[in-house]
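# requesting a structural model of the entry that follows:
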Amino acid sequence: MHAPAILLDDVHLDLDSSAGAVPVLRGVSLRIEAGESVALLGPSGSGKSSLLMIAAGLEKPTAGRVALAGTDITNLDEDSLARLRRATVGIVFQSFHLIATMTALENVALPLEFAAEPEALARAREELNTVGLGARTHHYPAQLSGGEQQRAALARAMVARPAVLFADEPTGNLDTETGADVAELLLAVPARWNTTLFLVTHEEPLAARCARILRLKDGMIVSDSRA
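Numbers count the residues shown, from 1 in each chain. Below is the predicted model of the structure:
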């Protein structure tokens with residue numbers, strides 16, 4: 001049997017507060033296979049973004065085990081985690097996190113530059129063409145619309161052909177029409193490289209287009225259904 005793309009085993013997350021430890025995730029177990037498209041729904045404060053951060057290796061659980069792309073990351077040090085994320089993970093956030101002083105092309109090439117990929121710029125240009133920004137390669141983020149910035153962010157997340165693409169409310173800052181365009185690009189990702197899509201959203205219609213929907217409430221998965 002192939003290793004799952006994402007595996008969480010009885011994951012708990014407690015955050016400190018002035019009143020003591022606050023349970024954010026309470027015993028989440030989850031297995032997501034390579035190439036699956038999975039949406040995570042839940043009310044604000046249910047722990048959706050925290051679950052994504054733990055699954056992506058950006059936050060440590062208080063208890064439980066986490067594996068990403070076949071590697072147990074529960075006890076990895078920061079350097080090892082960073083190397084693994086660079087090799088296997090792409091992330092798109094609600095706010096685009098583009099570097100203001102770099103062009104779209106330079107932003108997208110950045111992950112490949114870090115990996116010393118000799119064809120970084122050529123591959124970045126190809127990825128920008130894929131998301132419909134071929135004519136905007138030399139524009140800076142401030143010269144791009146919100147939708148264009150998010151498409152550039154998606155191109156940056158996908159340029160290294162990651163095993164897993166995490167998307168946290170990727171259409172949250174976009175109008176309906178622009179959000180629909182970005183959603184189309186996101187939903188096409190699994191078929192391109194057999195990439196797993198893990199999508200946090202509050203939009204039911206977008207979630208319904210994924211192959212599987214998880215619902216989180218009070219830090220626990222209360223529903224796991226397939227399309």
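# can we go C-alpha only for contacts and neighbour counts from here?
Will do.
# give the other helices and strands that the helix or strand of the chain with the lowest mean pLDDT contacts.
One helix or strand of the chain scores below all others by mean pLDDT, DSSP states H and E: helix 189-193, with a mean of 87. If you count contacts as 3 or more C-alpha pairs under 8 Å, 6 or more residues apart in numbering; DSSP states H and E, helix 189-193 packs onto strand 196-200.
# quick check: the residue lying closest to Ala63 once chain neighbours are set aside vs Met53, distance?
Of all residues not flanking Ala63 in the chain, His12 sits nearest, at 5.1 Å (C-alpha to C-alpha, 6 or more residues apart in numbering). Using C-alpha to C-alpha, to the nearest Å, His12 is found at 13 Å from Met53.
# this protein: helices as residue ranges?
48-55, 78-88, 104-114, 120-130, 146-158, 176-187, 189-193, 204-207 (DSSP state H).
# so which of His12 and Met53 has more stuff around it?
Using other C-alpha atoms under 10 Å, the more surrounded residue of His12 and Met53 is His12, with 23 against 17.
# beta partners for the more buried one?
With DSSP bridges as the criterion, His12 is bridged to Arg26, Ala63.
# hang on, it packs against Arg26?
Yes - His12 is in contact with Arg26 according to C-alpha atoms under 8 Å; the separation is 4.9 Å.
# tally of neighbours for the nearest residue to Glu148 once chain neighbours are set aside?
Spatial nearest neighbour of Glu148, excluding adjacent residues (C-alpha to C-alpha, 6+ apart): Leu133 at 7.3 Å. Using other C-alpha under 10 Å, Leu133 has 22 other residues around it.
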